[in-house]
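In: Would you be able to build a 3D model of this:
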Amino acid sequence: MPTLKTVTLGCKVNQYETQYAREGLARLGYRDAADGETADLCLVNTCTVTAEADRKSRKLIRQLARENPGTRIVVMGCYATRKPEEAASLPGVVDVVTDKRDLPDWLVRFGLAEAPAGITFFGERSRAYVKIQDGCRMNCAYCIIPKTRPVLQSRPIDEVVGEIGSLVERGYREIVLTGIHLGHYGVDLDGVDLDDATDTAGTTNLARLLRRLAVLDGEFRVRLSSIEAAEVTDEVLDAMAEHPARICPHLHVSMQSGSDAVLRRMRRRWTGGELLDHCRKIQQRLDQPALTTDVIVGFPGETEADFEATCRAVEEVGFAKIHVFRFSPRPGTAAAEMGDRVPADVQRERAARLAQIESRLRTAYFESLLGRDLEVLVEGTAGDRSGTLVGTSARYVPVELAGPTEWIGRLVCVKAEKVVEGGIWGKSVDE
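Out: Predicted coordinates for the structure are as follows:
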């Protein structure tokens, strides 16, 4: 039986696509290579979101060629799309998949009679990522992804629901809906004109999917991955509010900056004030939702006043978690050509200040949940602390609790008792 090794860099969508390819190759007789065993075939799913991601992709391919003499290496992912000739020239590479939409056809060319419609397995854990959408046409100044995944492509609702039903039957208790631009799910199916701000014919598609999943049989919950705050429509909020036990009250909304001047240079479609309004609406409609976000500090031209506007914005929203990134120019993007760069030491200082705010806001959100019952997906044990389990609540808060290892992989109702380092300590209400 031929052996296979897969390695994935980058986002949740990449992780899903690697699993899709793995399942197709399994139908051809491939099995995962054991630790230390030479792989006959290596599949590398690359990332190109930063120049460092490109470097890691190249390094990984060379390493696999050294450690698996005679192996055949297939490269896919955004680096492969952006620099296919460079990827093809690396040691051991026999094929480059330049468009993820070609994965089913690639599997057929590889010898599979019929490509899988989706995945049935997602590793030895209780959380599975399901890709429902591909492509982005936002063209933010700092982002290379619209050049590597420019075509919007949404999966039919029936196909997604069927795949999730299969995963739930296999014991997965949390399903994370992923996409390159999740808020644009369905617009290609419904013929929405993205350049026409008044055209909202497809904005209920994500809501329709959520409503279908809300009534699907099985014990599981659904979480949305990153989405633009402006694309959390009234219909989506209605679905979330009506089905709080099925749809996690957590949204990761992409802010990037609180300064209108910086947002314009970033080519973002919304002002800081508009984002705040959308976040307020989400907080009013849902029960203590966790809002998390990304912020870039040190974007070209960012002044101290711009940065302070960002600090005020995150304080006003009260984000439960902030991913802070220092600006790094990505060759091929508009931002890489911009002048007025912010010095590295200023970027570091601003990132540190924002991290301090993030820590305080995160603790405040944890404290706001004390006394509440939280639904926790138990994911493992707390290192060497016997009898202590760790998991993640529906509101994306890390939770520790005492309990038997038999609870791992289950959804457990836990009363939040106190804030501990990095999360909440709780007690199972079933005890």
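In: The helix or strand bottoming out on mean pLDDT in the chain packs against which elements?
Out: The least trusted helix or strand in the chain, going by mean pLDDT, DSSP states H and E, turns out to be helix 187-190, with a mean of 80. If contacts are counted by 3 or more C-beta pairs under 8 Å, 6 or more residues apart in numbering; DSSP states H and E, helix 187-190 sits against strand 153-154, helix 205-214. C-beta: built from backbone N, CA, C; applies to glycine.
In: let's go with 7 Å and repeat that
Out: Under the contact criterion of 3 or more C-beta pairs under 7 Å, 6 or more residues apart in numbering; DSSP states H and E, helix 187-190 touches strand 153-154.
In: So which bits of the very next helix or strand once past the strand it packs on are buried?
Out: Sequence order places helix 157-169 as the next helix or strand after strand 153-154, per DSSP states H and E. Neighbour counts over helix 157-169 (16 or more other C-beta atoms under 10 Å) mark 157, 160, 163-165, 167-168 as buried.
In: again with stretch 78-96
Out: Buried-residue list, stretch 78-96, by 16+ other C-beta under 10 Å: 78-83, 86-87, 90, 92-93, 95-96.
In: Out of the residues you listed, list just those in helices.
Out: Using DSSP state H to define helices, the subset of the buried residues of stretch 78-96 located there is 78-82, 86-87.
In: Closest one of those to Ser359?
Out: Nearest to Ser359 among those: Cys78, at 32.1 Å, using C-beta to C-beta.
In: Contacts only, for the closest one.
Out: Listed by C-beta atoms under 7 Å, 6 or more residues apart in numbering, the contact set of Cys78 reads 46-48, 145, 148-149.
In: Let's see that with 10 Å instead.
Out: Contacts for Cys78 (C-beta atoms under 10 Å, 6 or more residues apart in numbering) come out as 9-11, 13-14, 45-49, 53-54, 57, 100, 144-145, 147-149, 180.
In: before we move on, what about Gly92?
Out: With C-beta under 10 Å, 6+ apart, Gly92 has these contacts: 42, 44, 61-62, 64-66, 68-75.
In: Not counting residues beside it along the chain, what's closest to it?
Out: Nearest residue to Gly92, sequence neighbours excluded (C-beta to C-beta, 6 or more residues apart in numbering): Ala65, at 3.6 Å.
In: So which bits of whichever strand or helix holds Asn14 are buried?
Out: Per DSSP H and E, Asn14 falls inside helix 12-27. By 16+ other C-beta under 10 Å, the buried positions in helix 12-27 come out as 12-26.
In: which among these gets closest to Leu189?
Out: Leu189 lies nearest to Val13 out of those, by C-beta to C-beta, at 18.2 Å.
In: and the residue lying closest to Asn205 once chain neighbours are set aside, how many neighbours?
Out: Leaving aside its sequence neighbours, Asn205 sits nearest to Gly186 (C-beta to C-beta, 6+ apart; 2.6 Å). Gly186: 24 surrounding residues under other C-beta atoms under 10 Å.
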